[in-house]
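Peer 1: need a 3D model of the sequence below.
(one chain, ligands or ions: 1)
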Amino acid sequence: MHLPVTSPEAAVSPSGERPTPTTTPLGAGTVETVAADEAVVLDLPPLRLGNLTIDVPVVLAPMAGVTNKAFRRLCREHGGGLYVTEMVTARALVERREKSLQIVHHDADETPRSVQIYGVDAVNVGKAVRMVVEEAIADHIDLNFGCPVPKVTKRGGGSALPWKTDLFQAIVSTAVREADRGDVPVTIKTRMGIDDDHLTYLEAGRIARDAGVAAMTLHGRTLEQHYSGTADWSAIARLREELPDMAILGNGDIWSAEDAVRMVEQTGVDGVVIGRGCQGRPWLFGDLQAAFDGRRDRARPGLRAVAATIYRHAQLLAEQNNDEAQGLREIRKHVAWYFKGYPVGGEMRASLAAVETLDQLEELLSRLDLDQPYPGAAVEGPRGRAGNPKKAALPDRWLEDRLIHDDQRLGLVDAELDVSGG
Ligand SMILES: Cc1cc2nc3c(=O)[nH]c(=O)nc-3n(C[C@H](O)[C@H](O)[C@H](O)COP(=O)(O)O)c2cc1C
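Peer 2: Numbering: from 1, shown residues only. Alright, predicted model coming up:
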């Protein structure tokens with residue numbers, strides 16, 4: 001028995017029409033659409049990153065453990081944009097660790113190929129960028145300076161790093177210099193700073209622009225905020241205003257195409273970057289493309305389409321890992337996101353969380369009342385990681401001045417170990 005699945009060939013057409021999925025004998029996995037109340041018309045030009053042109057100025061935010069090849073494919077099938085890998089640490093990539101090489105691998109039809117690198121020193125980041133360029137691993141490189149994980153920031157890495165302007169400048173300019181050899185554009189992604197009293201984004205933006213960075217993504221939160229509260233879009237507007245000569249991408253709390261349009265209108269950014277809003281909703285990229293094309297159709301999938309997508313996502317994860325059991329382990333967290341707001345009972349959710357094979361998954365999904373329609377508001381709005389603010393964990397005397405000291409540089413070595421995400 002096979003659930004309906006969307007075929008890999010079902011990429012969005014250049015005219016922006018929704019993909020037409022092929023189906024298996026069980027019926028259609030088509031994502032239903034409705035017309036939004038008002039047509040939003042945005043006159044935003046394609047996003048230019050060096051020699052790259054991204055027709056739909058929408059970026060899938062890098063998310064460790066989420067934005068792997070399988071998930072990027074599902075998202076790409078719904079709309080245009082730039083789809084960034086999970087982050088890879090510079091050192092692990094240079095050491096050619098298997099997991100890192102897997103992270104930066106793209107499907108043959110993925111274009112442009114984008115990778116995100118995280119590193120804490122110019123030498124390793126430079127080597128990693130050189131490797132990406134010389135081995136033609138990607139067409140675009142993003143550098144991650146936004147990670148808020150305490151074990152990273154307490155050593156001076158992640159979103160603590162831009163505070164040290166000399167270190168930040170060295171990393172960014174080395175990356176750009178190495179990438180320039182292959183004409184590969186480099187972008188950076190940061191938070192606003194450490195806390196409200198120690199903002200770093202404007203200075204980071206100026207340093208990045210002067211180093212030749214092609215665009216900067218600003219997540220409108222500080223390190224201290226982690227994922228709590230709401231993103232401050234006014235900071236994004238401020239950055240846009242301060243740096244008219246560099247592309248700025250806005251990030252934080254875009255949950256719908258309408259939010260994306262509001263962000264562009266309120267801040268003047270050149271494009272938007274979407275993270276948690278697409279967890280369990282790869283079709284959001286269809287809505288985003290529609291909004292940016294001035295069309296009103298919005299995805300409103302019923303349970304059948306969601307179940308079909310879960311199954312297909314699991315299939316892709318199994319393929320990507322060349323290991324069905326691993327694929328099934330990885331799909332579990334996505335299942336919770338996919339079913340957010342849908343009438344799926346606790347017992348079924350628990351069974352799905354323990355599923356070990358594709359056949360079991362298919363059997364469980366087919367027991368659902370697949371004719372349930374889109375539930376509305378329960379599916380929309382914030383989802384994924386949230387939580388409370390936490391005092392920033394930083395190395396001793398980190399905030400005393402803006403230059404990196406030798407003892408702090410030594411501590412940084414461990415800020416690249418065991419990192420997983422921003
Ligand atoms: C599970 C998860 C993993 C993440 N991993 C990364 C990462 O690897 N690199 C990065 O720059 N940001 C990472 N982020 C941050 C997101 O890219 C994004 O900046 C953040 O979620 C805010 O955007 P949103 O409100 O659209 O989710 C991660 C976020 C989440 C929720």
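
Peer 1: which ones are touching the residue in the stretch 251-400 of the chain that the ligand sits nearest to?
Peer 2: Distance from the ligand to each residue of the stretch 251-400 of the chain (CB to the nearest ligand atom) is smallest for Gly275, at 2.8 Å. Any C-beta I mention is one placed from the backbone N, CA and C, and that applies to glycine too. Listed by CB atoms under 8 Å, 6 or more residues apart in numbering, the contact partners of Gly275 are 61, 63, 251, 384.

Peer 1: and for the first one, the neighbour number?
Peer 2: Think Ala61. Residues lying near Ala61 (other CB atoms under 10 Å) number 26.

Peer 1: pretty sure it contacts Ile274?
Peer 2: Yes - in this structure, Ala61 is within contact of Ile274 by CB atoms under 8 Å, at 5.9 Å.

Peer 1: between those two, which contacts overlap?
Peer 2: Counting by CB under 8 Å, 6+ apart, the common neighbours of Ala61 and Ile274 are Asn251.

Peer 1: surely Thr67 is in contact with Leu74?
Peer 2: No - using CB under 8 Å, Thr67 is not in contact with Leu74; the gap is 10.5 Å.

Peer 1: OK, contacts around the nearest residue to Asp139 once chain neighbours are set aside?
Peer 2: Residue nearest to Asp139 in three dimensions, not counting chain neighbours: Pro112, with 3.9 Å by CB to CB, 6 or more residues apart in numbering. Contact analysis of Pro112 by CB under 8 Å, 6+ apart lists 52, 54, 82, 138-140.

Peer 1: so Lys391, which state does it fall into?
Peer 2: coil (DSSP: H, G, I helix; E, B strand; the rest coil).

Peer 1: residues contacting it?
Peer 2: Glu224.

Peer 1: ditto for Val66
Peer 2: Residues counted as contacts of Val66 (CB under 8 Å, 6+ apart) are 86, 279.

Peer 1: so what does it look like in phi/psi?
Peer 2: Main-chain torsions, Val66, degrees, to the nearest 10: phi -130, psi -50.

Peer 1: quick one: it from Arg329, how far?
Peer 2: Applying CB to CB, to the nearest Å, the value for Val66 to Arg329 is 14 Å.

Peer 1: where does the nearest residue to Gly220 once chain neighbours are set aside land in three-state SS?
Peer 2: Once flanking residues are discounted, Gly220 sits nearest to Ala231: 3.5 Å by CB to CB, 6+ apart. Under three-state DSSP, the three-state class of Ala231 is coil.

Peer 1: tell me the SS of the nearest residue to Gly158 once chain neighbours are set aside?
Peer 2: Distance criterion CB to CB, 6+ apart; nearest residue to Gly158, sequence neighbours excluded, is Cys147 at 3.1 Å. Using three-state DSSP, the secondary structure recorded for Cys147 is coil.

Peer 1: pLDDT at Cys147, what is it?
Peer 2: The model reports Cys147 with a pLDDT of 94.

Peer 1: run a quick check on it versus Gly156, I expect a contact.
Peer 2: No - counting by CB under 8 Å, Cys147 stays clear of Gly156, with 11.5 Å between them.

Peer 1: sorry, back to before: just flag the most distant two among the contacts of Pro112.
Peer 2: Greatest spacing in the contacts of Pro112, by CB to CB: Ile54 and Ala138 (14.1 Å).
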